[in-house]
Every structure is written in structure tokens, then in C-alpha cells.
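J.: next input, structure requested:
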Amino acid sequence: MHAPDSYDAVIVGGGHNGLVAAAYLARAGQSVLVLERLATTGGAAVSTRPFDGVDARLSRYSYLVSLLPRKIVRDLGLDFAVRKRTVSSYTPTVRGGRATGLLVGGDRTRDSFAALTGSDREYEAWQRFYGMTRRVAEQVFPTLTEPLPTRDALRARIGDQEAWRALFEEPIGVAVEENFRDDLVRGVVLTDALIGTFADAHEPSLLQNRCFLYHVIGGGTGDWDVPVGGMGALTDALARAAREAGAQIRVRHEATRIETDGTRAEITVRSPEAEHVVTARRVLVNASPQALAALLGDEPPAPAEGAQLKVNMLLTRLPRLRDRSVDPREAFAGTFHIAEGYGQLADAYRDAAAGRLPAAPPSEIYCHSLTDPSILGPGLAARGYQTLTLFGLHTPARLFAADNAATRAELLTATLAELDAHLDEPVTDCLARDENGEPCIEAKTPLDLEQDLRLPGGHIFHRDLAFPYATESTSRWGVETAHANVLLCGAGAVRGGGVSGVPGHNAAMAALGR
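T.: Below is the predicted model:
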């Protein structure tokens, strides 16, 4: 009988975190096998051509980069770059019957605040508040690739009791309301606490605070950058780095069971050809905690639930705005907020919590191709085509359970109507057409993400985010499990979530005993 293939490490799942772990372990001289059930690596961080016959490679699921440490890019020698956006955000509204908005970024920020609110007060409060979050980011972000600090150690490192109270102890809604008076400004601040997270501003569990923290600490600055070439450029570079270091990557190979005695593991693998077993000293699982429990036959954790709508569009041109003081190329270069006033976000949460779609669905849009036109074929770029990525909030998976397709269509129509309220023309009039004459637009609900990527409940972070410090239930790196030689290297690890590579790095460090 043929003996099972044996490795130092088997990595289950070829998403970006699994590839980071593979590259680090292989560079350390270990024999590494990556098992990916899909036909390509990359997981949710991929670039694809979603529209038939159209030469546009969109970041289909995840789309911006904030949390990826430059340390990982340097350590692994990745051929990967990001670009800064010229505008942070634009939020349209109507004041006194006139279309206007808040433009944040560049020399016009102060004037935009003053025009919206009638004074410099909100601008100065904005500067103070984000000065505080930046100081916190400078202290917290470097710890993400170190062993977990204790809560007291992290608080001492931050060294600002008011910041600690605002971000770690009280619901973020308290700080938002203490610092800002204008409803629209409050809403713009709060959005960072709600992306991929279904919560109210005053949720007692502080789930929204954890989400907010991860959105403002990236890179030590909180900047959200555009991946040159799309998100697939990152995962392609990671796959190259892993292979060049000696890791084996097998696509269409699905791990179906892990059996371990704590020192050696047997992994059952299903491929198009057959089912077989490989062995390893360690197994690193780049999948959800639910998937990990299923592989091990352990008790599954509490169910997770995603709460977002993801829409990809290709336009022949950017739509005209009702607010004529802002060029569409400015407005869409950053994050374009829709129906995200503070009161609107609270209303949308109440609607969804009551089991109905939000009457005014909140969402935000950005245009990748304004900052990085390389994702468009030369012909499309020359003709002025642009991409739009829309991310909707407060749409939990439960709302789609009865009829996913019909609810998706209803929500998409309502979401685009909220956008159109601030445009001089319907956005659908600007949509490109594919080779079949169909409009270039696709929408993904949480149930679609669960189907496509096996995200539990469509939750983009695999489960609720955790504060980046140790608790009684966590170990040195936040990736350890109940089995000594099985590590969780996916987004569900402590300090997981987002496109960061941090869980992959930390699981590799734990495996290497560093």
C-alpha cells in the first residue's frame, strides 16, 4: 500500500492568508502543501472578468487595502503596490432645497465643511478626532504582527485614557455624538463602524467599536489604498512567492477531514481524480471557524451572519451629479457615501432588525479605475470607461432566506434609487453592455457569498471581530486551537478580518515557534 505523502505543514485553503503562511513556512525551509478546493487560489481576494466578453478585471469581492503590513510585503519580496486616493470621501445631501455635499481630502476639505455646516466647528472637531485615531493607529498597528499584548499592555502602549474610553470601553456612538453635531458628519464617521458589521451605534457588546478600530488603524494611518492591478495582483504575487520558496499548491483539492493526535495529523483530500490522505506535523486552516470545526469533528461555534450587499458595475462614463460644485471624478475617486447620515443609518438598522429591507438602503461606492486604470483593457480605458464598486450596509443574511433572488433584485433597485437621488441622470443609463447586450452589473448578497466562497452566513470576517489583545480564551498569537498542531490562519483568528495577511503571518510564526 502506498504510504501517504508527508509534509511539515499542510495549509487548508489557498486564500491570501493561507498563501502568506505558506510563503513564510517554505522560506523557513519547511515542506509545505497548500490545498485549495477551487480552480484558482485567492479566495475572496481575486480579480475576475465578471462580464461576458468585456476586458475589465474587477476585484470581485474584497477591493481595498488598509490592513496589509508593509512588513509582509517586504519579508516575502512581493511584486505588489498600492496607490493613494486623491479624495478620502464625498457625501452628497440636500440642504435648504439645494444639492450639496461634504468633500474630504485635499485642499478643499475645510471649505467643504464650512459650506455644509456654516462654521469651522465640525472641521476642527474632525481634525481632533482623527488626530486621536491616528495616534492610536500608530501604536496599535505594529502589534498586529507581534504576539498578542494583554489588555493592560495595549492600554499602556496607547497611553491616552480618553482615546481608550472612546474606542475600547464605551459604544462608539457616544464619542461620535460628543464630538460632532452635524447629522451628516456623524454618519460619515460612523460608517467605519458598520462595514461588514450589523450593529447599532450604541450596541452594548461594542461590536461596532471593534469594526471601527480595524477600519482606522491600517498602516498606522487608517488610509484605504487601491491595489494596483486589482486585488488579484496581491494573491497572484503571494502564490508566486510561495511557489518560489518551494511550497506546493494544488487547486481543485479539497480537505474533507483532519484527524490529529496533537503531534501528527492526517488530512483526507478529495481531488477530481480520487480521495487520498496526506500527513503533516502541523495543519494551518485558512477557512472559517465553522469549517475548522467540521473538519475536526468538533463542536461548531455560534453561527455567523453577514450583512452586506456587494455590487460591481462597469460604466461607459461617470454619471453627472446634482451637486455641480464637485466634479464626478472627484466625487467617485474616494468613498461616495449614500444614505449614510447618522439618522439614516439608525433607521436602516431598525428596519433590518425588524426583519425588513431598509427603506433607504445605505451604501458606499468607489471607482477603482480612476486611481488605477490598469484593470481596464486598453480599448475600454481609451474610451473613458470606469468601474464602480458598491458596498451596502445593514442587510443581514436573514432578510434573504425566503427568496434570495427576489430580495436581491428588490434591494438592488432600492439601493440604486438612493444613488440616483444625487445624480443628474440614472446610473443605469451609464452602464456598459456585455457581448450579449446585457448591462454590466452584478450583485452579491450574504447568501451568494456563502454559496460562492463558503463564508459562514456570508460574513466577510468569518465571525465577529475581536479586540486585538489577549483574553482568557486566546493564546500567544491568537491562532491556536484546542489541538496543539492545528492552527487557524484565516479571517476568524484574533486580529483577522479584511485583506491583511496578518493571521497567515501569525500562524506561521506560531508554527515556527517564534
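J.: and the helix or strand where residue 134 lies, what does it pack onto?
T.: According to DSSP states H and E, residue 134 maps onto helix 121-140. The contact analysis (3 or more CB pairs under 8 Å, 6 or more residues apart in numbering; DSSP states H and E) places helix 121-140 against helix 109-117, helix 151-158, helix 161-164, helix 172-179, helix 183-191, helix 207-216. For the C-beta atoms, the positions are set from N, CA and C on the backbone; glycine is no exception.
J.: let's have the ones you listed in JSON lines, adding distance to residue 62, mean pLDDT and mean neighbour count.
T.: Shown next, in JSON lines, are the helices and strands packed on helix 121-140 (distance: least, CB to CB, whole Å; pLDDT from 0 to 100; neighbours: other CB atoms under 10 Å):
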{"stretch": "helix 109-117", "distance to residue 62": "28", "mean pLDDT": "96", "mean neighbour count": "17"}
{"stretch": "helix 151-158", "distance to residue 62": "27", "mean pLDDT": "97", "mean neighbour count": "15"}
{"stretch": "helix 161-164", "distance to residue 62": "28", "mean pLDDT": "98", "mean neighbour count": "14"}
{"stretch": "helix 172-179", "distance to residue 62": "23", "mean pLDDT": "98", "mean neighbour count": "19"}
{"stretch": "helix 183-191", "distance to residue 62": "17", "mean pLDDT": "98", "mean neighbour count": "22"}
{"stretch": "helix 207-216", "distance to residue 62": "13", "mean pLDDT": "97", "mean neighbour count": "24"}
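J.: before we move on, the earlier item: show me what the helix holding residue 134 is in contact with.
T.: Here helix 121-140 makes contact (CB atoms under 8 Å, 6 or more residues apart in numbering) with 104, 109-110, 113-114, 116, 154, 157-160, 162-163, 166-167, 175, 179-182, 185, 189, 213, 216-222, 468.
J.: same thing with stretch 32-40?
T.: 5, 7-14, 18-19, 22, 25-26, 41, 46, 242, 246-255, 267, 269, 278, 280.
J.: same deal with stretch 335-351?
T.: For stretch 335-351, contacts defined as CB under 8 Å, 6+ apart pick out 88-93, 176, 183-184, 186-188, 190-191, 194, 198-201, 224, 357-366, 393-394, 415, 418-419, 422.
J.: roughly how far is that stretch from the heart of the chain?
T.: Taking CA atoms, centre = their mean, to the nearest Å, one finds stretch 335-351 lying 19 Å from the centre of the chain it belongs to.
J.: check which residues of that stretch are buried.
T.: Neighbour-count burial for stretch 335-351 flags 335-342, 344-349, 351 (criterion: 16 or more other CB atoms under 10 Å).
J.: out of these, which are inside helices?
T.: 342, 344, 345, 346, 347, 348, 349, 351 (DSSP state H).
J.: what's the most distant pair in those?
T.: Maximum pairwise distance among those (CB to CB): 15.3 Å, between 342 and 351.
J.: tell me which stretches of the stretch 301-450 of the chain form helices.
T.: Here the stretch 301-450 of the chain has its helices, by DSSP state H, counting those that start in this stretch, at 328-331, 342-353, 368-371, 378-382, 404-420, 446-453.
J.: ok, which of those helices comes nearest residue 302?
T.: Nearest of the helices of the stretch 301-450 of the chain to residue 302, taken as CB to CB: helix 446-453 at 15.8 Å.
J.: from the rest of the structure, what touches the closest one?
T.: Contacts of helix 446-453 (CB under 8 Å, 6+ apart): 43-44, 61, 305-308, 310, 395-397, 400-401, 404, 408, 444, 455-460.
J.: do the same with stretch 369-384
T.: The contact list for stretch 369-384, computed with CB under 8 Å, 6+ apart, reads 47, 54-59, 83-86, 226-230, 314, 316-317, 329, 332-333, 368, 385-387, 432.
J.: how far off centre is that stretch?
T.: 24 Å.
J.: all strands of the stretch 1-150 of the chain, in order?
T.: Under the criterion DSSP state E, counting those that start in this stretch, strands of the stretch 1-150 of the chain are mapped to 5-12, 32-36, 47-48, 58-59, 82-83, 89-95, 98-104.
J.: wait, I meant the stretch 251-400 of the chain
T.: For the stretch 251-400 of the chain, strands defined by DSSP E, counting those that start in this stretch occupy the ranges 254-260, 265-270, 275-285, 309-315, 335-338, 363-366, 386-392.
J.: format the ones you listed as a markdown table; extra columns: distance to residue 477.
T.: Shown next, in a markdown table, are these (distance: least, CB to CB, whole Å):
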| stretch | distance to residue 477 |
| --- | --- |
| strand 254-260 | 19 |
| strand 265-270 | 19 |
| strand 275-285 | 12 |
| strand 309-315 | 30 |
| strand 335-338 | 32 |
| strand 363-366 | 33 |
| strand 386-392 | 30 |
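J.: where does pLDDT dip in the stretch 1-150 of the chain?
T.: Within the stretch 1-150 of the chain, the segments meeting pLDDT under 70 span 1-3.
J.: could you report the neighbour count for residue 416?
T.: As a burial measure, residue 416 scores 22 neighbours (other CB atoms under 10 Å).
J.: repeat for residue 302
T.: Using other CB under 10 Å, residue 302 has 10 other residues around it.
J.: contacts only, for it.
T.: Counted by CB under 8 Å, 6+ apart, residue 302 has contacts residue 463.
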